[in-house]
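*Asks:* After the sequence you'll find the predicted model.
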Amino acid sequence: FDPLMIESKTPATVVLMLSSPENEVLAKACDALYKFASKGDENKVTLLGLGALEHLYKLLSHEDPLVRRNAVMVVGIMASNNDVRKLLRELDVTNSLISQLAPEEDVVIHEFATLCLAYMAVEYTTKVKIFEQGGLEPLIRLLGSPDPDVTKNSLECIYLLVQDFQNRAAVRELNVIPPLLGLLESEYPVIQSLALQTLEVISKDRETRILLEEYKGLDCLLNILENNELNDLHVETLAVLGNCLEDVHTLQQIQLTGGIQKLLSFLKVSTVPDIQKNAAKAITNAAYDSEIRKILHWEEVETFLLRLLETNNDDVKVAASQAISAMCENIDSKCVLGLQGIPQLVKLLSSDNEELKEVVVTALTNLTTANLRNASVVAKAEGIAPLIKTLNAQRDGAISNAIAVLTNLALQEPIRASIQSQGIMSALVGPLRSTNSQVQSKAAFAVAAFACDAGARAELRNVGGLGPLVELLHSNYEEVRRNACWAVMVCGSDEVTAFELCRLGALDILEEINLSSKRKNKFSEAALETLLDNNLSQKYSRMGYLSPSNIITNGFYDCGQVKHGGKFLSLEELSKQELTDRRAIIFINAKPQERKCLVDSLTYIFIDSNIFNQAVSYLIYTLTGLKDLYHFFFYVRKGRGKKEEEKPKVIQVAPTILEEIKLENSHWVPPPDYVLMDYINDASKTILPITSTREQVVALAQFVAERMGGPVEKEELHNFCWELDMSEIEFDLKSNIVPIGKIKRGTFYHRALLFKVIADRIGIGCSLVRGKYNRCWNEVKLVEYTPKGLLLPPQEYVVDVMFEPGLLFKQGSAKADQYKRI
């Protein structure tokens with residue numbers, strides 16, 4: 001057949017020629033396609049659509065060297081396209097490419113085969129295939145190729161492969177260190193840079209660092225830093241040295257040869273931000289080892305870090321702050337960095353850079369942890385206000401660490417008071433509502449630290465901080481839940497806050513937590529106990545027990561046992577209920593009215609002569625100032641001495657006074673129990689002078705029984721109609737709330753409560769226990785002596801205030817049990 005010369009102007013025709021059996025046609029077709037693909041990415045996509053890649057894949061193993069070379073060139077240049085690489089992976093082209101790396105192959109084949117492998121090694125599955133198909137060994141061998149393109153492509157492929165730890169170990173076994181160190185002297189900067197980047201990755205492994213030292217690699221790296229002509233490589237060189245600093249042995253060797261001094265000297269004069277940043281990062285990584293921290297401290301690395309804080313580059317400041325945080329683990333470094341660095345760090349808190357703000361407060365946290373002097377330095381540097389402001393930062397890390405710093409400062413009372421005066425409790429409300437568990441935990445911990453003062457608790461209560469705090473008790477994170485319980489325990493140490501926490505449901509949540517063996521903790525148990533101890537009405541209602549240390553004060557009320565899960569109502573809420581036939585609420589209030597209100601009231605009362613004498617008697621009992629007493633009698637005398645025609649003027653004043661009283665009582669105020677006041681006064685006069693505690697208990701039991709209807713015969717207990725009397729009192733008062741002084745015929749739970757109330761006022765320790773079926777009793781501990789006068793351990797007794805008032809039954813005895821059951 002005579003030769004036929006064909007001229008084609010469409011790539012589709014040339015692609016068809018790839019099926020030709022003639023080697024010359026194949027070679028020329030591949031060459032034409034290479035030139036076409038080199039012109040742009042669109043041409044590569046066009047060839048992909050024409051199915052050229054499948055034909056080229058077959059030609060990679062063609063027996064003709066020229067065809068094979070040209071085919072590799074086309075595949076190599078097309079591999080820069082992502083869609084092409086996808087198809088190459090499907091065709092499993094890596095094995096064919098690796099086979100082209102044999103020493104006898106043409107250098108052009110080496111160039112484009114390594115180029116294709118470098119493009120494909122970006123993807124993890126290809127890395128695995130190159131490793132499994134033995135591609136590492138020929139790639140490392142080609143690092144010594146005389147062709148710089150082959151070297152560069154091979155090196156880039158190795159760099160991508162060693163991102164995987166398995167390949168890092170493999171290249172180390174294949175002795176990659178010597179050729180990499182050799183490439184540091186290459187005349188091509190791109191090769192030098194790639195070699196350093198590869199060394200940075202593989203030197204993360206300690207075994208590689210040891211090999212670097214054996215092959216004098218550290219000297220090579222330090223020489224690069226000393227050569228100003230190679231300043232474009234200094235950043236990558238520092239990254240490698242940074243990894244080497246993480247190894248104690250390697251660092252000691254560098255120190256012995258004066259390498260650290262050389263390094264620090266270089267860093268002190270360098271003004272390149274990337275170099276400064278990488279140096280600080282290297283120190284951060286190295287400082288996680290205690291021995292390395294000591295060496296760095298001996299070399300005075302703190303001076304370098306503090307100087308970096310003065311730069312104008314935020315990235316450098318970030319890296320320096322992180323290094324300071326790491327160096328703080330060394331006590332000596334913490335002292336140096338604290339005195340000199342804290343004022344600089346405080347200034348950086350005003351930065352608009354959120355990342356910088358976060359690392360700065362982290363550094364301050366580490367500097368002030370377990371270091372009171374550094375905490376004082378923060379306060380002196382006026383760091384409190386910017387720290388509180390940081391609680392509104394955008395990053396959770398900044399918020400949590402700012403809280404931690406403030407909590408560290410709060411260990412010193414004067415500083416804590418200063419923080420409280422600047423509104424810390426208001427600022428903590430936001431973090432308490434955070435969705436980040438770390439922020440929640442730190443915020444709850446801070447509340448526990450600052451709420452030890454009544455003013456701080458009041459502020460938290462007023463700004464609505466108790467609600468989100470109670471919500472944190474539901475947290476599934478143990479640390480958050482524990483710190484929230486701790487905070488509730490501290491906040492619940494006063495009655496007002498304890499009542500508000502109970503109203504918000506803290507008590508129910510804590511009870512639920514303590515029922516779970518996994519969720520409960522020491523703080524949840526203590527928090528529950530604290531809330532109940534500062535809300536005795538609810539404690540008695542829920543637990544049915546008040547200990548001798550639970551002192552009943554004004555405002556206490558007994559509304560009976562609340563069922564599990566039932567809502568405990570406040571006295572004000574109970575006062576708004578309609579009169580019912582349910583059990584009366586027994587109320588304790590031996591607190592007189594405010595004097596101004598009392599005087600105003602009595603100036604109206606004197607118009608009724610029938611109650612005038614009683615009013616004057618009570619006034620004398622309650623008024624503590626002679627000025628008030630004089631004012632009252634002067635006013636009364638003046639009023640009573642008026643002429644008949646002037647009396648209407650006095651009557652005209654009365655509505656005004658009543659209106660004032662009405663307005664003053666618009667918020668429900670519990671009425672005083674004058675009878676209970678008399679009981680306490682009488683008991684103080686008659687029982688307190690008794691020297692024996694036992695006799696005091698007996699006398700008080702008899703005192704209570706006399707005022708509650710006297711002793712009752714056991715057989716006549718069913719005829720002791722106290723219920724009828726209680727109903728009459730409730731009807732007269734038009735209320736379910738009955739002051740205990742109104743009760744003249746009381747049963748067990750009335751008498752036991754009155755006994756406890758008076759005993760608490762006159763200093764007799766006793767407990768109040770609720771039993772079943774309206775049974776209640778008091779328990780006291782009394783000291784006894786042997787016939788020889790030796791002191792015995794206290795014995796617990798149950799006090800009879802019902803049948804034989806003053807009779808004491810030893811706890812656990814049959815009579816004591818019988819008294820509780822009757």
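*Replies:* Perfect, I can see it now. Numbers count the residues shown, from 1 in each chain.
*Asks:* Check the offset of the strand or helix carrying residue 524 from the chain's centre.
*Replies:* With secondary structure defined by DSSP states H and E, residue 524 is part of helix 522-533. In terms of C-alpha atoms, centre = their mean, to the nearest Å, the gap separating the centre of helix 522-533 from the centre of its chain is 21 Å.
*Asks:* Give the next helix or strand downstream of that helix.
*Replies:* Using DSSP H and E, the next helix or strand after helix 522-533 towards the C-terminus is helix 536-543.
*Asks:* distance between stretch 157-174 and the chain's centre?
*Replies:* Worked out by C-alpha atoms, centre = their mean, stretch 157-174 lies 41 Å from the chain centre.
*Asks:* Name the residues of that stretch that come out as buried.
*Replies:* Using 16 or more other C-beta atoms under 10 Å as the burial criterion, the residues of stretch 157-174 that qualify are 157, 158, 159, 160, 161, 162, 164, 167, 168, 170, 171, 172. Bear in mind the C-beta positions are built from the backbone N, C-alpha and C, glycine included.
*Asks:* Skipping its backbone neighbours, what lies nearest the first one in space?
*Replies:* Meaning residue 157. What sits nearest to residue 157 in space, not counting adjacent residues and going by C-beta to C-beta, 6 or more residues apart in numbering, is residue 118, at 4.2 Å.
*Asks:* next structured bit after the host helix or strand of that neighbour?
*Replies:* Taking DSSP H and E as the criterion, the element that holds residue 118 is helix 107-120. Past helix 107-120, further along toward the C-terminus, the next helix or strand under DSSP H and E is helix 124-132.
*Asks:* ranges for the helices of the stretch 51-200 of the chain?
*Replies:* Taking DSSP state H, counting those that start in this stretch as the test, the helices found in the stretch 51-200 of the chain are 52-59, 65-78, 82-90, 94-99, 107-120, 124-132, 136-141, 148-161, 165-173, 177-183, 189-202.
*Asks:* Which strands and helices lie in contact with the first one?
*Replies:* When contacts are defined as 3 or more C-beta pairs under 8 Å, 6 or more residues apart in numbering; DSSP states H and E, helix 52-59 sits against helix 11-17, helix 23-37, helix 65-78, helix 82-90.
*Asks:* Buried residues in that helix, which are they?
*Replies:* Burial within helix 52-59, assessed by neighbour count using 16+ other C-beta under 10 Å, is assigned to 52, 53, 55, 56, 57, 59.
*Asks:* just the second one next, same as before
*Replies:* Using 16+ other C-beta under 10 Å as the burial criterion, the residues of helix 65-78 that qualify are 66-78.
*Asks:* which among the residues you listed gets closest to residue 290?
*Replies:* Using C-beta to C-beta, the shortest approach to residue 290 within the buried residues of helix 65-78 belongs to residue 76, at 50.9 Å.
*Asks:* ok, now which ones touch the closest one?
*Replies:* Residues touching residue 76, when contacts are defined by C-beta atoms under 8 Å, 6 or more residues apart in numbering, comprise 111, 112, 113, 115, 116.
*Asks:* now residue 81
*Replies:* 41, 44, 45, 48.
*Asks:* most neighbours, which of those?
*Replies:* Within the contacts of residue 81, most neighbours by other C-beta atoms under 10 Å means residue 44, with 24 neighbours.
*Asks:* wait, residue 15 sits on residue 50?
*Replies:* Yes. Counting by C-beta atoms under 8 Å, residue 15 touches residue 50, with 4.6 Å between them.
*Asks:* neighbour count winner among these two?
*Replies:* For residue 15 against residue 50, the residue with the higher neighbour count under other C-beta under 10 Å is residue 15, and the figures read 22 against 19.
*Asks:* Lowest average confidence across helices and strands, show me which element that is in this structure.
*Replies:* The helix or strand of the chain with the lowest confidence, counting by mean pLDDT, DSSP states H and E, is helix 647-664 at a mean of 36.
*Asks:* Which helix or strand lies directly C-terminal to that helix?
*Replies:* The C-terminal neighbour of helix 647-664 among helices and strands, as given by DSSP H and E, is helix 674-686.
*Asks:* And for that following helix, what's in contact with it?
*Replies:* Contacts of helix 674-686 from elsewhere in the structure, counted by C-beta under 8 Å, 6+ apart, are 588-590, 592, 618, 621, 699-700, 703, 707, 739-742, 754, 757-758, 761-762.
*Asks:* if we go to 10 Å?
*Replies:* Taking contacts as C-beta atoms under 10 Å, 6 or more residues apart in numbering, the residues outside helix 674-686 that touch it are 554, 587-592, 614, 617-618, 621-622, 673, 696, 699-700, 703-704, 707, 739-744, 754, 757-764.
*Asks:* Can you say which of these are buried?
*Replies:* For these, a burial check counting by 16+ other C-beta under 10 Å picks out 587-590, 592, 618, 622, 673, 696, 699-700, 703-704, 707, 739-743, 754, 757-761, 764.
*Asks:* Return the subset of those lying in strands.
*Replies:* Among the buried ones among the contacts of helix 674-686, the members falling in strands (DSSP state E) are 587, 739.
*Asks:* Filter the buried ones among the contacts of helix 674-686 down to the ones in helices?
*Replies:* The helices, defined by DSSP state H, take in 618, 622, 696, 699-700, 703-704, 707, 754, 757-761 from those.
*Asks:* Now tabulate these in a markdown table and tack on distance to residue 531 and pLDDT.
*Replies:* As requested, those are arranged in a markdown table below (distance: C-beta to C-beta, whole Å; pLDDT from 0 to 100):
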| residue | distance to residue 531 | pLDDT |
| --- | --- | --- |
| 618 | 36 | 39 |
| 622 | 33 | 41 |
| 696 | 32 | 96 |
| 699 | 35 | 97 |
| 700 | 30 | 97 |
| 703 | 33 | 97 |
| 704 | 30 | 97 |
| 707 | 33 | 95 |
| 754 | 26 | 97 |
| 757 | 22 | 97 |
| 758 | 26 | 97 |
| 759 | 24 | 97 |
| 760 | 20 | 96 |
| 761 | 24 | 95 |
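*Asks:* Nothing else from me, thank you.
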